[in-house]
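Trainee: sequence-free structure coming up:
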């Protein structure tokens, strides 16, 4: 709502900066305000069904600018039409900045022994489903102490 | 050259990628087949983009070399249930996942729940044709693993909210996840006496023309210009945030905007500043303004003075929601 209160005088950062420097005239401000209102109306009147949304893989790669033109064209077209996916991409960019402002926690790895994935996941499953059925994870269990020792040696290299 | 031949030509590149990754992480178990299959599947998807001609072998090779191979290798090993890979994953990414979740979720409980859910999804508890289906199998390596993970977290949070708010639409739901929200509201027009009503009718005529013209002007833009405007106006992305999206010199968005730029040719890797994004926006505004004026004059037969009136409306309320809905249905 606050955004719309601003629209009549168009005080977004670019407009304000340019206006202060005398770089844009009132006509430019008017067209920007007009466009701003139109785009908000357009978004509120459109909806895309869930089946049509972009895959997480595509969204993530797009946000990082890692796609080639061949891949990007249909994605951009989708993002123009789909407010859901567009909102996700924009929030992911905002998230990047927000996280960059936070302190990065350094995780001490060297001395820590690998914990078994089965233990971690069984704990999660018991919290979520109320079960501790470990059979799901049994297929790749190896003897404690063999692989881990090898791995820690390899890891040091 | 057909797609099969292209894939055969790229076999050696795929083999090299696997060998390099296997050297970097020798304890990730037997994943050669699924790693290579994943790469081939990604190439097939790239090849199948209908609107383009079949790429050359060099293009495919370049494409493969852009893939985050080590991230993909780790993901495939995790999908395969390799203990060492899971340990690596946990060490490298768990703290990040938790930070992302805490940042996006409303409560600490939601954040923890979503991280737990994502871990379970990543491991995969669903079994299809006797095989466990891991979420990792959907990661292609086109972006970084972290970038993919935060997208997965985002979607899980939306799912979490949907589960607890059945009656809320998906769009409303996304507005409640993360920092921003989008709202469209036009102030209702207050009608006064007869004079005001006559004035209002005249205004409505211009409003209708204005809305149709701006709608058509926007529709005439290229998709990348539309997206830039939508990011800026609707999603409230700041200039620096848009700049971040195009900071990769290979970004097609950046490429499109810089096609005619001399700087692009002389210095293709130059940093994109906020001022650059501002210039792109200005160009798009100028294009919209030109199209808008042309339509009002040629289609709606408005005089210069009337066009100015329409532009003046930009500083007032353009229309009631009802009028806009009428426009959309005609």
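Mentor: The structure has been received and is ready for your questions. It should be emphasised that the depicted structure is a prediction, and the values quoted were computed from it without experimental measurement. Numbers count the residues shown, from 1 in each chain, chains lettered A, B, ... in the order given.
Trainee: Following element in sequence after the helix or strand hosting residue B:91, please.
Mentor: Here residue B:91 is covered by helix B:83-104, with elements defined by DSSP states H and E. Next helix or strand after helix B:83-104 toward the C-terminus (DSSP H and E): helix B:108-123.
Trainee: Which other helices and strands does the following helix or strand past that next one contact?
Mentor: Note on helix B:108-123: by DSSP H and E, the next helix or strand toward the C-terminus is strand B:126-128. Other helices and strands packing on strand B:126-128, by 3 or more C-beta pairs under 8 Å, 6 or more residues apart in numbering or on different chains; DSSP states H and E, are strand B:131-133. Every C-beta, even on glycine, is put in place using the N, C-alpha and C of the backbone.
Trainee: Can you give the contact residues for the strand it packs on?
Mentor: With C-beta atoms under 8 Å, 6 or more residues apart in numbering or on different chains as the test, strand B:131-133 has contacts from A:136, B:81, B:123-127.
Trainee: now do 7 Å
Mentor: B:124, B:126 (C-beta atoms under 7 Å, 6 or more residues apart in numbering or on different chains).
Trainee: what about chain B, any weak spots by pLDDT?
Mentor: Residue ranges of chain B with pLDDT under 70: B:1, B:50-52, B:165-195, B:197-200, B:202, B:249-252, B:255-270, B:314-330.
Trainee: for chain A, same thing?
Mentor: Low-confidence segments of chain A (pLDDT under 70): A:1-25, A:44-51, A:102-157.
Trainee: hang on, the earlier thing: off-centre distance for the helix holding residue B:91?
Mentor: 23 Å (C-alpha atoms, centre = their mean, to the nearest Å).
Trainee: Report the buried residues of it.
Mentor: By neighbour count with 16 or more other C-beta atoms under 10 Å in any protein chain shown, helix B:83-104 contains the buried residues B:83-91, B:93, B:96-104.
Trainee: And that helix, what does it pack against?
Mentor: On a contact count with 3 or more C-beta pairs under 7 Å, 6 or more residues apart in numbering or on different chains; DSSP states H and E, helix B:83-104 meets helix A:83-101, helix A:117-129, helix A:147-156, helix B:69-79, helix B:108-123, helix B:145-164.
Trainee: The same query, at a cut-off of 6 Å, please.
Mentor: Judged by 3 or more C-beta pairs under 6 Å, 6 or more residues apart in numbering or on different chains; DSSP states H and E, the packing partners of helix B:83-104 are helix B:69-79, helix B:108-123, helix B:145-164.
Trainee: Help me see whether the longest one makes contact with chain A, please.
Mentor: I take that to be helix B:145-164. Yes: using C-beta under 6 Å from any C-beta of the partner chain, helix B:145-164 reaches chain A at B:147-148, B:151-152, B:154.
Trainee: With neighbour count added, can I get the residues you listed in JSON lines?
Mentor: What follows is the residues of helix B:145-164 next to chain A, written out as JSON lines (neighbours: other C-beta atoms under 10 Å in any protein chain shown):
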{"residue": "B:147", "neighbour count": "23"}
{"residue": "B:148", "neighbour count": "29"}
{"residue": "B:151", "neighbour count": "27"}
{"residue": "B:152", "neighbour count": "25"}
{"residue": "B:154", "neighbour count": "26"}
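Trainee: will you turn these into a markdown table that also has distance to residue A:67?
Mentor: As requested, those are exported to a markdown table (distance: C-beta to C-beta, whole Å):
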| residue | distance to residue A:67 |
| --- | --- |
| B:147 | 12 |
| B:148 | 13 |
| B:151 | 14 |
| B:152 | 18 |
| B:154 | 18 |
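Trainee: Between the residues you listed, which sits nearest residue B:246?
Mentor: residue B:147 (15.3 Å; C-beta to C-beta).
Trainee: Hmm, the closest one is touching residue A:60, no?
Mentor: Yes: Residue B:147 lies in contact with residue A:60 (C-beta atoms under 6 Å); the separation is 4.0 Å.
Trainee: Return the angle between stretch directions for the helix holding residue B:91 and helix B:145-164.
Mentor: 60 degrees (axes from the mean of the first three to the mean of the last three C-alpha atoms, to 10 degrees).
Trainee: quick check: angle from helix B:83-104 to helix B:69-79?
Mentor: Put simply, helix B:83-104 runs at 100 degrees to helix B:69-79, going by the same axes, to 10 degrees.
Trainee: quick check: angle from helix B:83-104 to helix A:83-101?
Mentor: Angle of helix B:83-104 versus helix A:83-101, following the same axes, to 10 degrees, is 100 degrees.
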